[in-house]
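Visitor: sequence first, predicted model second:
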Amino acid sequence: MPRVTVYLPSLLANLTGERTVPVTAESVGEALKVLTTCHPALLQAIFDESGALREHVLCFHNKENTRWHVRGLQRQLRPGDRLTLLQAVAGG
Amino acid sequence: MATWPAFNVVYGTVTVQRPKDLPEPMETVLFVGTEKGAFLMRSQDRTRWAIEGPLFKGWKVTAAARAPDGRFVAASASHVYGPMLHVSDNLQTWQAVADGPRYLDGRKLQQIWTVVPVAGGMYAGVAEAGLFFTNDPMGPWQPVPGLNDHPTRVAWQPGLGGLCAHVLLHNPRNTDQLWCGISAVGVFRSDDAGETWQPKNRGIPVAIEDKEHKEIGFCVHGLALDPHNPAILYRQDHLGMFRSTDGGDTWHDNSAGLPANFGFPIVTDPTTGTVYAYPLQSDEYRLPPGGAMAVYRSRDQGLTWTACREGLMQKGAWTTVLRGALSVDGQSPCGVYLGTTSGTVHYSIDGGDTWQHQHVLLPRILCVEVFTIRE
């Protein structure tokens, strides 16, 4: 099973104690499931009440935004892949 | 005042005991929640303060409380990540609560407005309006269906701050009796430990009238209980200051003597029952009348009010105190603490007679809690 790295924004890193979390999973969605199982407090921060990614949270698989990709969180992982969680930043 | 080390001092094998006539050492800790983190202000004498923080840097911090078992609980929020509870033994290291308040029926949890210890557990009041209860701050937090799914729920409408359950009171002499304030719905009372809830707003002007449910549509801003007579409640409402002498069954205007009938926070000193409020000019402006800061105090159960101004800015203070940002410590004399939307923190250690300020300029202050920690 591929071993990948999840990169967290600093606000969420305060909940895990680390900016990067190694995860072993077949797909993006499975990786996020493993991540939130290891760090349960992240579950409510990343996903909304319907189980979807929160509106202002993005998950990049390497350089692809999963929200805009037809396979979304079903994208398959390869060893060494990088998942990056980003928060929307806006305003002046 | 005599000072004494925080703990008994051990010299070799000899322990020096604290003389019995010295007061028990205690620490007063202000917990100030802001738009961008929380700050702690610690003092042994309420005069010299050590300031720490920010905790939860970058997170909005909306409430704090101490659980019945002594642990501390803080509520954070983020427009990206939503609300979250955190628990600490020592106010230094915090553990995020994974199994916190959460609706399972599609309603969104937007913010945790208040966390309140009661006999046997804690309540959290949240937006979208509802209550959650737990026996253990680390969870699980269970919804309170008697309120969250109230028959009038279909007609609940939000105020400017959203549809939020922002205050919960409990009767210290009758653990079955609770009051909950929801904006802009009104006050509900439970007489059966939260199983069922009845609207208690008779005598209050309606803010948002519903065609069917005439018993709701009232915009309660703040609620406080007389510590010596739980039938007496104080209510800072959108449309005035009110008092009840029958547990909330009926309400009567008691704003005479106040410079404005609008405002948010209202608290009572748990030792003396003295009432403190911070009136603001109208819902259009939400500013202290004349740009002069003043806490209003009542020592006769809300019948008359006295302005407490000495040491507070009397010119150019165009700032607001939000509903969670006025607090008392219950010590003698009572310490009164407030935080402003301009990020300043002011305090009185003589029951409001005179005021000092902390040497800080913080982000917008959302809540001020005070913990008295006996060592």
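Guide: Perfect, I can see it now. Residues are numbered from 1 along each chain as shown, chains lettered A, B, ... in the order given.
Visitor: who touches residue B:101 in this structure?
Guide: Residues counted as contacts of residue B:101 (C-beta atoms under 8 Å, 6 or more residues apart in numbering or on different chains) are B:83, B:85, B:109, B:112, B:124, B:126, B:130, B:132, B:141, B:143. Every residue, glycine included, has its C-beta placed from N, CA and C.
Visitor: what residues does chain B have near chain A?
Guide: B:56-59, B:78-82, B:84, B:96-100, B:102-104, B:106-109 (C-beta under 8 Å from any C-beta of the partner chain).
Visitor: just the buried members of those residues?
Guide: B:56, B:59, B:78, B:80-82, B:84, B:96-100, B:102, B:107, B:109 (16 or more other C-beta atoms under 10 Å in any protein chain shown).
Visitor: most widely separated two among the residues you listed?
Guide: Of all pairs drawn from these, the one with the largest separation by C-beta to C-beta is B:56 and B:107; the distance is 24.8 Å.
Visitor: which parts of chain A are strands?
Guide: Counting by DSSP state E, residue ranges of the strands within chain A are A:3-7, A:20-24, A:57-61, A:64-65, A:82-87.
Visitor: which strands and helices lie in contact with the third one?
Guide: Here strand A:57-61 is seen to pack against helix A:28-38, strand A:82-87 when contacts are counted using 3 or more C-beta pairs under 8 Å, 6 or more residues apart in numbering or on different chains; DSSP states H and E.
Visitor: could you rerun that using 10 Å?
Guide: Applying 3 or more C-beta pairs under 10 Å, 6 or more residues apart in numbering or on different chains; DSSP states H and E, one finds that strand A:57-61 makes contact with strand A:3-7, helix A:28-38, helix A:41-46, strand A:82-87.
Visitor: ok, and what's touching the third one?
Guide: In other words, helix A:41-46. Contacting residues not belonging to helix A:41-46 are listed as A:6, A:8, A:11-12, A:15-16, A:21, A:32-33, A:35-37, A:39, A:51-54, A:57, A:59, A:85, A:87, B:76, B:78, B:80-86, B:95-102, B:109 [C-beta atoms under 10 Å, 6 or more residues apart in numbering or on different chains].
Visitor: same check, this time on the longest one
Guide: Around helix A:28-38, the neighbours that count as contacts under C-beta under 10 Å, 6+ apart are A:1-6, A:8, A:16, A:21-25, A:27, A:42-47, A:53, A:59-61, A:64, A:66, A:69, A:71-77, A:81, A:83, A:85, B:98.
Visitor: what about it, average pLDDT?
Guide: Looking at helix A:28-38 alone, the average pLDDT works out to 97.
Visitor: report the angle between that helix and strand A:57-61.
Guide: 120 degrees (axes from the mean of the first three to the mean of the last three C-alpha atoms, to 10 degrees).
Visitor: what angle sits between helix A:28-38 and strand A:3-7?
Guide: Computed by the same axes, to 10 degrees, the angle between helix A:28-38 and strand A:3-7 is 70 degrees.
Visitor: mind listing what's buried in helix A:28-38?
Guide: Neighbour-count burial for helix A:28-38, with 16+ other C-beta under 10 Å as criterion, is recorded at A:28-36.
Visitor: what sits against the one residue sitting closest to the centre of chain B?
Guide: To find the centre residue of chain B, average its C-alpha atoms and take the closest one (C-alpha atoms, centre = their mean): that gives residue B:324, at 4.5 Å. Listed by C-beta under 10 Å, 6+ apart, the contact partners of residue B:324 are B:33, B:62-64, B:113-114, B:166-167, B:222, B:264-265, B:339, B:365-369.
Visitor: please indicate which of these are buried?
Guide: Judged by 16+ other C-beta under 10 Å, buried ones among the contacts of residue B:324: B:33, B:62-64, B:113-114, B:166-167, B:222, B:264-265, B:339, B:365-369.
Visitor: just the ones of the residues you listed in strands?
Guide: The members of these that map onto strands under DSSP E are B:33, B:62-64, B:113-114, B:166-167, B:222, B:264-265, B:339, B:365-369.
Visitor: chain B contacts on chain A?
Guide: When proximity is defined as C-beta under 10 Å from any C-beta of the partner chain, chain A approaches chain B at A:9-12, A:14-16, A:36, A:39-50, A:54-57, A:86-90.
Visitor: if we go to 7 Å?
Guide: A:11-12, A:15, A:40-41, A:43-45, A:49, A:54, A:56-57, A:87-88 (C-beta under 7 Å from any C-beta of the partner chain).
Visitor: okay if I get those residues as a markdown table plus neighbour count and distance to residue B:189?
Guide: Shown next, in a markdown table, are these (neighbours: other C-beta atoms under 10 Å in any protein chain shown; distance: C-beta to C-beta, whole Å):
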| residue | neighbour count | distance to residue B:189 |
| --- | --- | --- |
| A:11 | 17 | 39 |
| A:12 | 22 | 40 |
| A:15 | 22 | 37 |
| A:40 | 14 | 35 |
| A:41 | 20 | 34 |
| A:43 | 17 | 35 |
| A:44 | 24 | 31 |
| A:45 | 24 | 35 |
| A:49 | 16 | 29 |
| A:54 | 19 | 36 |
| A:56 | 15 | 38 |
| A:57 | 21 | 39 |
| A:87 | 18 | 41 |
| A:88 | 12 | 41 |
